[in-house]
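Engineer: After the sequence you'll find the predicted model.
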Amino acid sequence: MRHATVDVSGGRKRPKDRKAQIAQVAAELFGARGYHGVGLDEIAAAVGISAPAVYRHFENKYAILVFATRGLVDSALTATDLPPGGDAWATLEALLAALARLATTHRATSGLYQWEWRYLTPEHRAEFRDDLATLLRRVVTPLSAARPELTAADATALSRAALSIFGSLGTHRAAIARTRAEQALFRVASAVLHREPPTPAAMPAGPPENPGLRSGSRREILLAESIRLFRKYGYHAVNIEDIGRAAGINASSVYRYFPGKSDLLAAAFYRASERVSDATAAALAGAADDTDALRRMVESYVDLTFERSDLVSVYLAENNNLPESDRHELRKVQRLHVEDWVRLLGAVRPGLPTPEVRVLVHAAINLVTDLSRWVHFDRRTGMDQHLVRLMHAVLLS
């Protein structure tokens with residue numbers, strides 16, 4: 001991209017939109033390696049300027065995160081600011097087309113939407129959530145008009161599912177032509193919005209799990225509490241004191257069981273990889289054919305997410321923060337798991353190009369994981385079976 005320039009002292013030139021350029025580069029780095037995995041000097045080097053030059057535009061790295069996050073959300077709100085009126089389904093189609101273009105255009109920076117927003121201060125996090133609520137309403141309103149049988153909760157959950165499909169493109173780097181990616185995301189999101197509601201009759205969310213139900217060794221309790229905290233606040237926002245306090249022990253006692261915080265994260269990943277492998281093996285055992293195997297895989301993943309939603313979320317979000325000694329092996333395990341899905345879906349849909357198969361697999365997985373952040377998971381509501389159907393809608397659309 002060519003940047004407009006202006007003359008500065010000494011005959012040198014710099015882009016007129018240098019601040020936006022810095023934020024764009026930083027957002028891409030944050031998406032690839034996580035906010036805390038990127039230094040200000042690395043951002044400056046990637047832009048081609050000195051670190052002190054960055055301070056002419058931003059007070060610190062956090063200010064860049066805020067600016068970049070606002071920029072991403074503003075782009076989404078601008079793209080979806082459509083004139084009111086007209087046919088509800090036509091409005092929805094226009095919204096989905098705009099969001100599909102946005103997803104491909106901002107693929108490298110959508111990690112800000114997926115995970116990095118957790119590192120915002122409460123004030124900026126509230127601003128971010130308010131903007132996302134506005135974006136969500138822009139989908140909910142025409143959907144409710146197009147499908148008046150939906151309850152408000154149903155329309156909201158389906159709209160969140162559609163947004164998670166678009167956001168899924170930024171959770172992986174599988175190669176796919178931009179036009180084909182746009183078409184696939186639009187088709188899948190449209191299919192989800194046409195399907196049955198993800199929850200039956202509205203039912204109030206149950207109370208939080210009783211901490212008194214915790215059981216097992218002290219090591220297991222520490223691991224469980226660290227996973228819960230990593231999922232809620234992000235790995236870098238949690239310290240050993242937080243984990244020890246949540247487990248009911250002093251921070252110094254944590255080191256009797258784990259050498260450090262990174263070892264807790266690695267243990268969580270090994271635990272997750274074991275759960276995923278076991279669930280996959282159990283799902284495929286005795287499958288009558290590929291279609292039956294896919295059905296079993298979907299049910300297995302939904303079950304695992306219901307039972308271990310914190311663990312699954314950490315497994316997908318925090319791989320950039322793993323110790324170097326474990327990162328390569330655990331990322332390999334993750335890739336192999338995705339390839340299991342890709343091979344299976346490719347067998348069920350032999351006419352679908354492999355790049356598109358990968359996009360659908362990531363979209364289906366992200367839909368369930370993303371909804372677990374926003375929707376109360378309670379089997380009494382039948383949410384598990386409706387998520388199974390929505391996953392099928394994504395994979396088979």
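Structural biologist: Here it is on my side, so go on.

Engineer: Packing partners of the helix or strand harbouring Arg335?
Structural biologist: Using DSSP states H and E, Arg335 sits within helix 324-348. If you count contacts as 3 or more Cβ pairs under 8 Å, 6 or more residues apart in numbering; DSSP states H and E, helix 324-348 packs onto helix 261-284, helix 290-307, helix 354-374, helix 383-396. C-beta coordinates here come from the backbone N, C-alpha and C atoms, glycine included.

Engineer: residues of the shortest one that come out buried?
Structural biologist: Meaning helix 383-396. Buried residues in helix 383-396, counted by 16 or more other Cβ atoms under 10 Å: Met383, Asp384, His386, Leu387, Val388, Leu390, Met391, His392, Ala393, Val394, Leu395, Leu396.

Engineer: Ok, the longest one next?
Structural biologist: With burial defined by 16+ other Cβ under 10 Å, the residues of helix 261-284 counted as buried are 261-262, 264-269, 271-273, 275-276, 279-280, 283-284.

Engineer: cool, stretch 329-340 as well?
Structural biologist: Buried positions in stretch 329-340, judged by neighbour count with 16+ other Cβ under 10 Å: Leu330, Val333, Gln334, His337, Asp340.

Engineer: ok, the last one - contacts?
Structural biologist: Under the criterion of Cβ atoms under 8 Å, 6 or more residues apart in numbering, the contact list for Asp340 reads Thr280, Met297.

Engineer: Quick check, Ile64 in contact with Ile22.
Structural biologist: Yes - counting by Cβ atoms under 8 Å, Ile64 does reach Ile22; the two are 6.6 Å apart.

Engineer: joint contacts of the two?
Structural biologist: Counting by Cβ under 8 Å, 6+ apart, the shared contacts of Ile64 and Ile22 are Ile43, Val54, Phe58.

Engineer: For the helix or strand hosting the first one, buried residues please.
Structural biologist: What that stands for is Ile43. According to DSSP H and E, Ile43 maps onto helix 40-47. Neighbour-count burial for helix 40-47, counted by 16+ other Cβ under 10 Å, picks out Leu40, Ile43, Ala44, Val47.

Engineer: what's that helix in contact with?
Structural biologist: Residues contacting helix 40-47 (Cβ under 8 Å, 6+ apart): 18, 21-22, 25-26, 29, 50-51, 53-54, 60-61, 64.

Engineer: how about a cut-off of 7 Å?
Structural biologist: For helix 40-47, contacts defined as Cβ atoms under 7 Å, 6 or more residues apart in numbering pick out Gln21, Ile22, Val25, Ala26, Leu29, Ser50, Ala51, Ala53, Val54, Lys61, Ile64.

Engineer: so how far is it from its chain's centroid?
Structural biologist: Mean C-alpha position of helix 40-47 versus that of the full chain (Cα atoms, centre = their mean, to the nearest Å) differs by 25 Å.

Engineer: Repeat that for stretch 224-238.
Structural biologist: Offset of stretch 224-238 from its chain centre (Cα atoms, centre = their mean): 16 Å.

Engineer: mind exporting it as PDB, just the C-alpha atoms?
Structural biologist: Output of stretch 224-238 as PDB, limited to C-alpha atoms (Å, rounded to 0.1, in the frame of the first residue of the first chain):
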ATOM      1  CA  ALA A 224      -8.100 -25.900  37.300                       C
ATOM      2  CA  GLU A 225      -7.900 -22.400  38.800                       C
ATOM      3  CA  SER A 226      -5.100 -21.200  36.500                       C
ATOM      4  CA  ILE A 227      -7.100 -22.400  33.500                       C
ATOM      5  CA  ARG A 228     -10.100 -20.500  34.700                       C
ATOM      6  CA  LEU A 229      -8.100 -17.300  35.300                       C
ATOM      7  CA  PHE A 230      -6.200 -17.600  32.000                       C
ATOM      8  CA  ARG A 231      -9.400 -17.900  30.100                       C
ATOM      9  CA  LYS A 232     -11.100 -14.900  31.800                       C
ATOM     10  CA  TYR A 233      -8.200 -12.400  32.000                       C
ATOM     11  CA  GLY A 234      -5.600 -13.700  29.600                       C
ATOM     12  CA  TYR A 235      -2.300 -15.400  30.500                       C
ATOM     13  CA  HIS A 236      -0.200 -12.200  31.000                       C
ATOM     14  CA  ALA A 237      -2.800 -10.500  33.200                       C
ATOM     15  CA  VAL A 238      -2.700 -13.400  35.700                       C
END
